[in-house]
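**Student:** Here is a sequence together with a model predicted from it:
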There are 2 protein chains.
Amino acid sequence: MPPPSPRARTASGRAPVHRTPVHRSPVQRIPLSRMAVLDAAIALADAEGIDAVSMRRLAEPLGVVPMALYKHVADKDDLLDGMVDRLIGQFSPGAEADAAAPAIEPGRDWAAAVRSSVLSARAVIQQHPWARRVIETRSRRTPAVLGHMERLTQHFLAGGLSPDLTHHVMHLLGNRIWGFSPELFNAPDSGPAAPERSRPTPDPDPADYPGIIAIATDARARRPEALGCDEEFEFRFALDVLLDGIERLRATGWSSPTL
Amino acid sequence: MPPPSPRARTASGRAPVHRTPVHRSPVQRIPLSRMAVLDAAIALADAEGIDAVSMRRLAEPLGVVPMALYKHVADKDDLLDGMVDRLIGQFSPGAEADAAAPAIEPGRDWAAAVRSSVLSARAVIQQHPWARRVIETRSRRTPAVLGHMERLTQHFLAGGLSPDLTHHVMHLLGNRIWGFSPELFNAPDSGPAAPERSRPTPDPDPADYPGIIAIATDARARRPEALGCDEEFEFRFALDVLLDGIERLRATGWSSPTL
DNA sequence: ACCTGAACACCGTTCAAGT
DNA sequence: ACCTGAACACCGTTCAAGT
């Protein structure tokens, strides 16, 4: 199949997709399973972006009619939940992401354990550009999702944080527990197939935003080779500020105000 | 129009909507404008959830054919950007959200100025349940968006933070600058019209998640009347932890590591 | 047990035509 | 200048039928 080159836009506003249907015979096709469907969906999202993941488009490479997928996933929400669960399954379950690192005893250094858990999540999530947006729009607490939250919760409790404080610091971390930053904005676009939409709106006048210009200029002076922000640095910077703040609350015996 | 009562689901998986088309004559209709379209879209999203905001559904109450909207918004993305911009326009521009509050001099108390700006954003955003999800999926830096970022940036710079540190703390605040928390999960569903989808998946076994149960039990004991988490408390708690952390970085003269 | 065909009720958007 | 009609290329999903 040719690469998804820039496609001319049609009346539909979507790219006209000319796909040659794959007519694999049922004999040579390994029977469909939930895992096969989820892995195909992940591969499709990796290759063409999450918008390409429709039940119809997903059925094609599996050599099957769209409706056949409904035997293996309940609906599209279940498909997306399953995709996320597959990624969570790849997280390093404990703090042993790096075998060379010293063994961490959560009770002795809860912050290192939390840090390691979150960074192991990040290592997986970063490989799938669509994952951030999908996670942000999920609402189901699957066992995989609860499992990751449980591990982090245990690190805090074992480190001597009260259940009260643990509760609030989980909210404080928020979706950073999945290894991505709650960005001011999304990346310019999601997925490799996203075309460059040139908008008619004129660029804003830099003179109106001296503060933003000042920090952008400073950042460019520090990293002349970089085109954008260093997401990896920003994530670790933020995570460490949060962990430092949490340690301070723990050390001073913070508890929530009584009503 | 009757309230959007629970609607039976059809083969489409979407609610079968029986809407009586409004045939307002062009004479009695005030001419369409961008503002009228945006305000109608906001009203529709408030009343029926963001999923109800389609070009076709939006055209109806305006007494117009869907294609007429394209004279006033470039496309659906532009519609969503415009809706967000309308909300940002309602933010209190400075720190003077409360007229009774003492005048804040940014140079003297940058943290109070930032806090006030963010909470004034929150006051607006909280009134529109759809706003969080829409903001999270936007990528265009409109003048309104840049304006809010510029005001916060100016508070930091005026408070004596370096451009370097200001840059990183903006990332640290992340989408909390819009007044919502980067939630672990979304609310169960967006929009008032969302039907209760009962999933076939069995509930997870509480015994598998002792840590989560411990913090949930503790939270319920503290607020017996509450059904969920106190989002307002969590937001302010997190904001204050962040502002404290930032003040500590400022006071110790933090600067980013040189390469 | 698993897959297929046809249909339903929607989408966003372009184009050419109307007033 | 502004709005309309018809069409195109898609969606997710149910149901009854096939193998």
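**Tutor:** Alright, I've got the coordinates.

**Student:** how about A:Q90, phi and psi?
**Tutor:** phi -90, psi -10 (degrees, to the nearest 10).

**Student:** Name the nearest residue to it, sequence neighbours excluded.
**Tutor:** A:V124 (4.7 Å; C-beta to C-beta, 6 or more residues apart in numbering or on different chains). Using the backbone N, CA and C atoms, a C-beta is placed for each residue, glycine as well.

**Student:** any idea how far A:D203 is from the one you found?
**Tutor:** As judged by C-beta to C-beta, to the nearest Å, A:V124 and A:D203 stand 37 Å apart.

**Student:** could you pull out the helices for chain A?
**Tutor:** Assigned by DSSP state H, the helices in chain A fall at A:34-48, A:55-59, A:76-88, A:110-125, A:131-137, A:143-158, A:163-173, A:210-222, A:231-251.

**Student:** Run the contact check for the shortest one versus chain B.
**Tutor:** No - taking C-beta under 8 Å from any C-beta of the partner chain as the criterion, helix A:55-59 and chain B are apart, separated by no less than 10.8 Å.

**Student:** and that helix, what does it pack onto?
**Tutor:** Helices and strands touching helix A:55-59, by 3 or more C-beta pairs under 8 Å, 6 or more residues apart in numbering or on different chains; DSSP states H and E, are helix A:34-48, helix A:76-88.

**Student:** what about A:V118, distance to B:N175?
**Tutor:** Counting by C-beta to C-beta - A:V118 and B:N175 are separated by 18 Å.

**Student:** Who has more neighbours out of these two?
**Tutor:** Per other C-beta atoms under 10 Å in any protein chain shown, whichever of A:V118 and B:N175 has more neighbours is A:V118, with 25 against 21.

**Student:** mind checking pLDDT for the more buried one?
**Tutor:** Listed pLDDT for A:V118 reads 98.

**Student:** ok, now how distant is it from A:R250?
**Tutor:** On the measure of C-beta to C-beta, A:V118 and A:R250 end up 17 Å apart.

**Student:** Does the residue nearest to A:Q90 touch A:R86 like I think?
**Tutor:** No - if you go by C-beta atoms under 8 Å, A:V124 and A:R86 don't touch, sitting 9.8 Å apart.

**Student:** count of residues packed around the residue in the stretch 51-200 of chain A that DNA strand C sits nearest to?
**Tutor:** Nearest residue of the stretch 51-200 of chain A to DNA strand C, counting by C-beta to the nearest atom of the strand: A:V65, 3.3 Å away. By the other C-beta under 10 Å criterion, the neighbourhood of A:V65 contains 10 residues.

**Student:** What about the residue lying closest to it once chain neighbours are set aside, how many residues nearby?
**Tutor:** With sequence-adjacent residues excluded and distances taken as C-beta to C-beta, 6+ apart, A:V65 is closest to A:A59, at 6.0 Å. Summarising burial for A:A59: neighbours were counted as other C-beta under 10 Å, giving 20.

**Student:** ok, A:A59 - contacts?
**Tutor:** Neighbouring residues of A:A59 by C-beta atoms under 8 Å, 6 or more residues apart in numbering or on different chains: A:V65, A:P66, A:A68, A:L69.

**Student:** Could you measure from the last one over to A:R138?
**Tutor:** Applying C-beta to C-beta, the value for A:L69 to A:R138 is 19 Å.

**Student:** who has more neighbours, those two?
**Tutor:** Comparing A:L69 with A:R138 by other C-beta under 10 Å, the one with more neighbours is A:L69, at 22 against 17.

**Student:** who's in contact with that one?
**Tutor:** A:L69 neighbours (C-beta under 8 Å, 6+ apart): A:L32, A:V37, A:M55, A:L58, A:A59, A:L62, A:L79.

**Student:** Pick out whichever of those sits closest to B:W254.
**Tutor:** A:L79 (44.3 Å; C-beta to C-beta).

**Student:** Wait, the closest one touches A:V73, no?
**Tutor:** Yes - the pair A:L79 and A:V73 passes the contact test of C-beta under 8 Å, sitting 4.5 Å apart.

**Student:** list residues touching both of the two?
**Tutor:** Joint contacts of A:L79 and A:V73 (C-beta under 8 Å, 6+ apart) are A:V37, A:L38.

**Student:** and A:D39, how many neighbours?
**Tutor:** 14.

**Student:** cool, A:T252 as well?
**Tutor:** 8.

**Student:** again, but for A:T258
**Tutor:** With other C-beta under 10 Å as criterion, A:T258 counts 5.

**Student:** how far away is it from DNA strand D?
**Tutor:** 45 Å (C-beta to the nearest atom of the strand, to the nearest Å).

**Student:** per-residue pLDDT, the closest residue to that residue other than its chain neighbours?
**Tutor:** Distances taken as C-beta to C-beta, 6+ apart put B:R222 closest to A:T258, at 7.7 Å, once the chain neighbours are dropped. Confidence at B:R222, expressed as pLDDT, is 93.

**Student:** Tell me, how many residues neighbour B:R222?
**Tutor:** By other C-beta under 10 Å, neighbour count at B:R222 equals 17.

**Student:** what about it, distance to B:I215?
**Tutor:** Taken as C-beta to C-beta, the span from B:R222 to B:I215 is 11 Å.

**Student:** what does A:Q90 give?
**Tutor:** 26 Å.

**Student:** These two: which has the busier surroundings?
**Tutor:** The residue with more neighbours, out of A:Q90 and B:I215, is B:I215; 23 against 13, by other C-beta under 10 Å.

**Student:** Correct me if wrong: that one contacts A:L152.
**Tutor:** No - at 10.9 Å, B:I215 and A:L152 do not qualify as touching, with contact defined as C-beta under 8 Å.

**Student:** Give me the common contacts of those two.
**Tutor:** With C-beta under 8 Å, 6+ apart, B:I215 and A:L152 have common neighbours A:M170.

**Student:** what's the closest non-adjacent residue to the residue most central in space within chain A?
**Tutor:** The residue lying closest to the centre of chain A (C-alpha atoms, centre = their mean) is A:R132, at 2.8 Å. Spatial nearest neighbour of A:R132, excluding adjacent residues (C-beta to C-beta, 6+ apart): A:F180 at 4.6 Å.

**Student:** show me what contacts the one you found?
**Tutor:** A:R122, A:I125, A:Q126, A:A131, A:R132, A:I135, A:F235.

**Student:** pretty sure the first one contacts A:A238?
**Tutor:** It refers to A:R122. No - counting by C-beta under 8 Å, A:R122 does not reach A:A238; the two are 11.7 Å apart.

**Student:** Next, find the distance separating A:E183 from chain B.
**Tutor:** 6 Å (C-beta to the nearest C-beta, to the nearest Å).

**Student:** Tell me, how many residues neighbour the closest residue to that residue other than its chain neighbours?
**Tutor:** Of all residues not flanking A:E183 in the chain, B:G174 sits nearest, at 6.1 Å (C-beta to C-beta, 6+ apart). Counted with other C-beta under 10 Å, the neighbours of B:G174 add up to 21.
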